[in-house]
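Asker: this is a predicted model, with the sequence first.
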Amino acid sequence: MARLPRLNLPDIPQHIVQTGHNNLPCFFDDEDYEFYLQSLQAAAEQYRVEIHAYVLLPNMVQFIATPRIEQGLSSMMQSLGRRYVQYVNHRYRRSGTLWGGRYKSSLIDSDAYLLTCYRYVELKPMYLGLANEPGEYPWSSFNFHTSLIESPLIKDHRLYLKLGETARERVQAYRKLFRYAFDNRLLEYIAETVKLGQVLGGDAFKDRIEKIANQRVRPLKRGRPRKQDQAQKTSENPKTADPTPVENLPGPQTQASAQGTASSKPQARPRHTTPTDSPAVKEI
């Protein structure tokens, strides 16, 4: 299925994924992770993008973010990508690309899926076998959301802030969300949505995005349009109905050749038969 055009709309959260070239590693030691986070913070502040949640994996980065200006997210990703690639190439004396093409993203229906996407991102190390518990992995936002530690990078969404009146109440409420296992179908749906650049949300949210963006956000249905039933056509147009299919009607050449064949072929004389219950006819 083809990817839909990328949408860069301000004030709507997005799930962003960028992978290494051929899924090769992008981070090689702790200093690389730290430099990337510093660069992410600088680029986010410059282009007015709020980072809500993140995870840095050996060959991939994922985060949940809301741009506050048009093209803010794409500008941030371009700036961040160039800066980090230059750092890696200089430090490890290499050249060439580091990322596997452009980043992928999907708009998120906040009320329905935002905190679910928080969890999806922060649980990624555990699902990949990099940690037994999400808190054991140091390169994600999980420990900032489940403790009183503050991060200069994180700007939490209003839905996280509504979990409680105080920081302690929000931490406790957020921890409770991790008591429940993810449904595999939900995991696959989120992954497929960002892979194809689709909108993560219900029909009402998609209708809203189509009006704002003035473009289609739903994938087209596969296959050709269904043909109208012949019986329905016949009932609607009885005068034009013809029980004989067109392809079975003889054309002019077929009719002429059939007539010529019939006229040129000598007709057989009728054969006289003698009934078996009558006496034999004698020759005179």
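Answerer: Cool, got the structure.
Asker: could you pull out the strands for this structure?
Answerer: Under the criterion DSSP state E, the chain contains strands at 14-19, 49-57, 60-67, 104-107.
Asker: can you get me a residue count around Glu122?
Answerer: 26 (other C-beta atoms under 10 Å). Heads up, the C-betas are built off the backbone N, CA and C, glycines and all.
Asker: how near is it to Phe27?
Answerer: 17 Å (C-beta to C-beta, to the nearest Å).
Asker: need the strands of the chain in CSV (columns: mean neighbour count, mean pLDDT and distance to Leu148).
Answerer: As requested, the strands of the chain are exported to CSV (neighbours: other C-beta atoms under 10 Å; pLDDT from 0 to 100; distance: least, C-beta to C-beta, whole Å):
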stretch, mean neighbour count, mean pLDDT, distance to Leu148
strand 14-19, 20, 96, 26
strand 49-57, 23, 98, 17
strand 60-67, 23, 97, 21
strand 104-107, 22, 94, 31
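Asker: take those and write them to TSV, including distance to Ser140.
Answerer: Below are the strands of the chain laid out as TSV (distance: least, C-beta to C-beta, whole Å):
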stretch	distance to Ser140
strand 14-19	14
strand 49-57	4
strand 60-67	9
strand 104-107	19
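Asker: list the residues that contact the nearest residue to Thr97 once chain neighbours are set aside.
Answerer: Among residues not flanking Thr97 along the chain, His21 sits closest, at 5.4 Å (C-beta to C-beta, 6 or more residues apart in numbering). Listed by C-beta atoms under 8 Å, 6 or more residues apart in numbering, the contact partners of His21 are Thr97, Leu98, Trp99, Gly100.
Asker: which secondary element of this protein has the worst mean pLDDT?
Answerer: Lowest by mean pLDDT, DSSP states H and E among the helices and strands of the chain is helix 252-264, with a mean of 47.
Asker: quick one: low-confidence parts of this protein?
Answerer: For the chain, the stretches with pLDDT under 70 are 1-6, 215-284.
Asker: where exactly do the helices run in it?
Answerer: Assigned by DSSP state H, the helices in the chain fall at 30-46, 72-91, 110-122, 124-127, 142-145, 158-161, 167-177, 184-196, 203-213, 230-236, 252-264.
Asker: how far is the third one from where the chain is centred?
Answerer: Read it as helix 110-122. 17 Å (C-alpha atoms, centre = their mean, to the nearest Å).
Asker: give me the number of residues near the nearest residue to Leu98 once chain neighbours are set aside?
Answerer: Leaving aside its sequence neighbours, Leu98 sits nearest to Val85 (C-beta to C-beta, 6+ apart; 4.7 Å). Val85: 17 surrounding residues under other C-beta under 10 Å.
Asker: doesn't Trp99 make contact with Val85?
Answerer: Yes: contact criterion C-beta atoms under 8 Å: Val85 and Trp99 qualify, at 7.3 Å.
Asker: look up how far Tyr84 lies from the residue nearest to Thr97.
Answerer: His21 is 13 Å from Tyr84, by C-beta to C-beta.
Asker: which neighbours do these two have in common?
Answerer: Common contact partners of His21 and Tyr84 (C-beta under 8 Å, 6+ apart): Leu98.
Asker: burial count for the spatially closest residue to Leu153 that is not a sequence neighbour?
Answerer: The shortest distance from Leu153 to any non-neighbouring residue, by C-beta to C-beta, 6+ apart, is to Gln41 (4.6 Å). Gln41: 16 surrounding residues under other C-beta under 10 Å.
Asker: with the one 3 residues further on instead?
Answerer: In terms of burial, Ala44 registers 22 neighbours under the definition other C-beta under 10 Å.
Asker: then Glu165?
Answerer: Residues near Glu165, counting by other C-beta under 10 Å: 9.
Asker: what about the closest residue to Arg48 other than its chain neighbours, distance to Ser95?
Answerer: Of all residues not flanking Arg48 in the chain, Arg68 sits nearest, at 4.2 Å (C-beta to C-beta, 6+ apart). Using C-beta to C-beta, Arg68 is found at 35 Å from Ser95.
Asker: do the same with Lys162
Answerer: According to C-beta to C-beta, Lys162 stands 48 Å off from Ser95.
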